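Make a model of this:
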Amino acid sequence: MPDHDDLMLLVGAAHASGDIARKFWQQSPEVWDKDAGAGPVTEADIAIDRMLHSDLRTARPDYGWLSEESEDNDIRQSHDHVFIIDPIDGTRAFIEGSKTFAHSLAIAHKGHVTAAVVFLPMLDRLYVATTTMAASLNGRPIGVSTTKPDQSPTVLATKHNFEANHWKTGAPSFDRHFRSSLAYRLCLVAEGRFDAMLTLRPTWEWDVAAGALIAQRAGATVTDTHGTNPRFNNPTPLLGGMIAAAPALHKTIHTTLATPIIVP
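Next up, the predicted model:
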């Protein structure tokens with residue numbers, strides 16, 4: 001069962017990532033700003049990335065590598081399998097001392113994620129899924145919510161997503177919430193704690209690869225803003241945003257959006 005073996009590898013790596021993160025969390029880690037306004041990175045991100053690259057590539061030397069904190073190159077395109085890693089998803093939350101940062105680890109095979117782990121070490125929340133195993137949280141099966149006609153859907157998104165120009169007839173009256181980590185947002189939809197997540201900006205693969213499979217295996221429809229199922233390990237690892245929700249709500253969101261995102 002190669003998917004199961006890959007999942008167990010990712011689970012171990014996620015726990016090792018959490019061990020490193022705990023040493024830096026709320027300890028004023030060194031912080032740098034990335035070039036081109038790409039956001040902050042901390043010494044914890046770098047330490048975790050180095051550990052994961054060493055341990056995972058040693059275990060699977062024939063797998064390619066894509067990580068937010070590693071220099072990218074086209075070598076990964078020659079591999080059928082590729083690790084897609086965000087050492088700390090929600091770095092701003094980590095810097096602020098929030099517990100809602102996550103480690104996002106996925107393996108994709110020919111463009112499709114086959115094993116996924118999202119781990120929040122400070123909350124002890126381990127979300128996992130494979131293409132042959134349903135999504136679970138700490139070993140318990142999870143599933144998406146069913147919205148009621150008399151209730152406004154709860155949607156995880158930034159304020160930017162609800163600017164009127166993004167919608168055909170103005171912003172819908174959803175109940176908006178926010179979490180810094182895109183991976184965690186997808187898992188919260190998978191768990192049924194929120195009805196949908198939405199991001200209307202070009203989205204890096206490492207932010208959503210693991211969470212997308214977990215949400216799908218929990219019963220969500222997960223697409224880009226064109227309504228297309230996401231494919232991973234693209235030459236430029238960007239997707240055209242992401243919508244994740246139970247099928248009926250996903251259709252509502254997708255059909256009321258204005259022009260879909262064009263990835264540069």
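
Count the residues that sit near the closest residue to T169 other than its chain neighbours.
Distances taken as Cβ to Cβ, 6 or more residues apart in numbering put T256 closest to T169, at 6.9 Å, once the chain neighbours are dropped. All C-beta atoms are positioned from the backbone trio N, CA, C, and that covers glycine. If you count neighbours by other Cβ atoms under 10 Å, T256 ends up with 14.

wait, T256 sits on A171?
No - between T256 and A171 there is no contact under Cβ atoms under 8 Å: 9.5 Å.

And the host helix or strand of A16, what's buried?
Using DSSP states H and E, A16 falls within helix 2-24. By 16 or more other Cβ atoms under 10 Å, the buried positions in helix 2-24 come out as 3, 6-7, 9-11, 13-14, 17-18, 20-21, 24.

Stretch 187-201 now?
In stretch 187-201, counting by 16+ other Cβ under 10 Å, buried: 187-192, 194-200.

Tell me which entries of the residues you listed lie within helices.
Among the buried residues of stretch 187-201, DSSP state H puts 187-191 in helices.

and those residues as a markdown table, adding distance to W206 and pLDDT?
Shown next, in a markdown table, are these (distance: Cβ to Cβ, whole Å; pLDDT from 0 to 100):
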| residue | distance to W206 | pLDDT |
| --- | --- | --- |
| C187 | 15 | 98 |
| L188 | 19 | 98 |
| V189 | 18 | 98 |
| A190 | 18 | 98 |
| E191 | 21 | 98 |
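
Can I get those residues in CSV including distance to G240?
Shown next, in CSV, are these (distance: Cβ to Cβ, whole Å):
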residue, distance to G240
C187, 21
L188, 22
V189, 18
A190, 21
E191, 25
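
Show me which of those is closest to I85.
Of all those, I85 sits closest to C187, with 16.2 Å by Cβ to Cβ.

element containing the closest residue in space to the closest one that isn't next to it in sequence?
Spatial nearest neighbour of C187, excluding adjacent residues (Cβ to Cβ, 6+ apart): Y127 at 4.4 Å. If you go by DSSP H and E, Y127 is part of strand 125-130.

what's the spacing between the helix or strand just after that strand and its chain's center?
Using DSSP H and E, the helix or strand that directly follows strand 125-130 along the chain is strand 133-137. Offset of strand 133-137 from its chain centre (Cα atoms, centre = their mean, to the nearest Å): 15 Å.

repeat for stretch 167-176
24 Å.

list the buried ones in it?
Buried-residue list, stretch 167-176, by 16+ other Cβ under 10 Å: 167, 172, 174, 176.

In TSV, list the residues you listed along with distance to T100.
Below are the buried residues of stretch 167-176 laid out as TSV (distance: Cβ to Cβ, whole Å):
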residue	distance to T100
W167	27
P172	25
F174	20
R176	16
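
now, which of those sits nearest I262?
For those, the nearest to I262 is W167 (17.3 Å; Cβ to Cβ).

so that closest one sits right up against T255, yeah?
No - W167 lies out of contact with T255 (Cβ under 8 Å); the separation is 10.6 Å.

tell me, how many neighbours does L105 end up with?
32.

go on, the one 3 residues further on?
Counted with other Cβ under 10 Å, the burial measure for A108 works out to 27 neighbours.

show me what contacts T225?
By Cβ atoms under 8 Å, 6 or more residues apart in numbering, the residues touching T225 are 200, 240-243, 254, 257, 260-261.

Can you flag which of those residues belong to strands?
Judged by DSSP state E, the subset of the contacts of T225 located in strands is 242-243.

Tell me the buried residues within the contacts of T225.
200, 240-243, 254, 257, 261.

Partner strands of the helix or strand bottoming out on mean pLDDT in the chain and their direction?
When the helices and strands of the chain are scored by mean pLDDT, DSSP states H and E, strand 31-33 comes last with a mean of 87. Looking at strand 31-33 with DSSP bridges, its partner strands are strand 40-42 (antiparallel).

Please identify the buried residues of the partner strand?
Neighbour counts using 16+ other Cβ under 10 Å place 41-42 of strand 40-42 among the buried residues.

and it, how far from the chain's centre?
Counting by Cα atoms, centre = their mean, strand 40-42 comes out at 18 Å from the chain centroid.
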